[in-house]
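1. Quick one, what's the 3D model for this:
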Amino acid sequence: MVGVPIAFAGMGERLEDLEPFQAERLVSRLLGMGDVLSLIERAEAAIDVDDAKRLEQKLRSDDFTLEDFQAQMKTLRKMGPLEQVLGMIPGLAT
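-> Numbering: from 1, shown residues only. Next comes the predicted model:
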């Protein structure tokens, strides 16, 4: 209408919820097909590679503790609200 391209889309009420506008991703979310690429980007931003390797070794050696589980939950919390994260997984979008 106004001839100005859309640069950002708001996915929530906070400033952190602004994301670069990408039409394909927005449409897939609206249709309930999820947005795996955005989920991967959020995971890459929240998860430290060294910690992930350390955790993998603990899981393989059957040495996973409650503290490790707590650390994983904190990492998941860094990715944003659980409802948004689940909405990016195909078939789990609400």
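2. neighbours of residue 75, just the number please.
-> 16 (other C-beta atoms under 10 Å). Using the backbone N, CA and C atoms, a C-beta is placed for each residue, glycine as well.
3. just checking, it touches residue 42?
-> No: counting by C-beta atoms under 8 Å, residue 75 stays clear of residue 42, with 10.9 Å between them.
4. just the helices in the protein please.
-> Taking DSSP state H, the helices of the chain run over residues 23-30, 36-46, 49-60, 66-78, 82-87.
5. Out of those, which is closest to residue 10?
-> In terms of C-beta to C-beta, the element of the helices of the chain nearest to residue 10 is helix 23-30, at 11.0 Å.
6. what packs against the closest one?
-> Applying 3 or more C-beta pairs under 8 Å, 6 or more residues apart in numbering; DSSP states H and E, we find helix 23-30 packed against no helix or strand.
7. as a whole number, average confidence for that helix?
-> The average pLDDT within helix 23-30 is 77.
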